[in-house]
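Colleague: here is my input, please return the structure:
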Amino acid sequence: MIGRLSGILLEKNPPQILLDVQGVGYEVDVPMSTFYNLPALQEKVTLHTQLIVREDAHLLFGFLSQEERLAFRQLLKISGVGPKLALSVLSGLSIADLAAAVADKDASRLTRIPGVGKKTAERLLLELQGKFAASAPGTSSGMPAASSGGDIVNALLALGYNEKEADWAAKQLPKESGVSDGIRQALKLLSRA
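Modeller: From the prediction side, this is the model:
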């Protein structure tokens with residue numbers, strides 16, 4: 001099992017990246033939440049990975065945080081949810097938003113994700129009930145369930161800031177901040193604090 005990769009980022013072609021690990025190039029599929037928070041090309045990155053072996057392929061999926069990988073694994077346990085759909089769910093919603101949708105039993109939030117119909121959304125809500133309480137950073141802190149806000153908090157957590165610092169920085173940002181710009185602004189705020 002390949003559990004983690006550290007190497008130089010060579011290519012970014014959403015949703016796939018190419019990671020050079022000591023001369024071996026790994027093609028890794030990543031959710032968009034991870035993709036938007038990757039460093040520039042030729043920089044070092046560490047990904048938590050999940051290897052899926054099939055009869056016709058070996059698929060490698062990567063995540064910047066342990067929480068994303070845990071959520072991916074939880075999604076794969078659900079009947080009818082494969083790796084591509086799980087990746088799509090994590091690309092469409094941050095972990096905090098997914099946890100909030102499950103807690104609120106909000107199927108409409110899930111059906112906005114490409115590939116998730118009404119029946120699949122209802123199955124996700126039923127099967128994930130109670131699974132994200134401990135694994136979703138930012139859900140118990142009063143952080144608004146804005147997709148970009150959750151992604152910014154997750155990125156800051158992945159960069160080593162604690163939950164309190166990440167939540168504080170995200171709350172200081174204008175509501176219309178995009179993820180990339182929001183992360184930059186949050187890092188500036190945290191460096192001054």
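Colleague: could you list the low-pLDDT ranges of this structure?
Modeller: Counting by pLDDT under 70, the chain contains low-confidence ranges at 132-149, 193.
Colleague: the domain parsing of this structure - what is it?
Modeller: Following automatic domain parsing, one gets these domains for the chain: 4-63, 67-128, 147-192.
Colleague: could you export these as CSV, including mean neighbour count?
Modeller: Glycine gets a C-beta too; all of them are placed from N, C-alpha and C. Below are those laid out as CSV (neighbours: other C-beta atoms under 10 Å):
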stretch, mean neighbour count
domain 4-63, 16
domain 67-128, 18
domain 147-192, 18
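Colleague: which residues touch whichever helix or strand residue 151 is part of?
Modeller: For residue 151, the host element (DSSP states H and E) is helix 147-158. For helix 147-158, contacts defined as C-beta atoms under 8 Å, 6 or more residues apart in numbering pick out 33, 36-37, 64-65, 67-68, 93-97, 137-138, 143, 163, 165-167, 169-170, 173, 177-179, 182-183, 186-187, 190.
Colleague: the residues you listed in strands, which ones?
Modeller: Among the contacts of helix 147-158, no member falls in strands (criterion: DSSP state E).
Colleague: all helices of the chain, in order?
Modeller: 32-35, 66-76, 83-92, 95-104, 107-111, 118-128, 147-158, 163-172, 179-192 (DSSP state H).
Colleague: the third one vs helix 66-76, what angle?
Modeller: Using axes from the mean of the first three to the mean of the last three C-alpha atoms, to 10 degrees, one finds that helix 83-92 and helix 66-76 are set 130 degrees apart in direction.
Colleague: against residue 88, how distant is the closest residue to residue 61 other than its chain neighbours?
Modeller: Leaving aside its sequence neighbours, residue 61 sits nearest to residue 50 (C-beta to C-beta, 6 or more residues apart in numbering; 4.7 Å). For residue 50, the distance to residue 88 (C-beta to C-beta, to the nearest Å) stands at 15 Å.
Colleague: before we move on, what about residue 105?
Modeller: Taking C-beta to C-beta, one finds residue 105 at 20 Å from residue 88.
Colleague: now residue 175
Modeller: From residue 175 to residue 88 the distance is 26 Å (C-beta to C-beta).
Colleague: and if you look at residue 181?
Modeller: 24 Å.
Colleague: check residue 10 too.
Modeller: 24 Å.
Colleague: same question, residue 6
Modeller: 26 Å.
Colleague: also residue 40?
Modeller: In terms of C-beta to C-beta, residue 40 sits 26 Å off from residue 88.
Colleague: residue contacts, residue 3?
Modeller: Counting by C-beta under 8 Å, 6+ apart, residue 3 has contacts 48, 49.
Colleague: distance of it from residue 65?
Modeller: From residue 3 to residue 65 the distance is 14 Å (C-beta to C-beta).
Colleague: wait, doesn't residue 2 sit right on residue 48?
Modeller: No - with contact defined as C-beta atoms under 8 Å, residue 2 does not count as touching residue 48 (10.1 Å).
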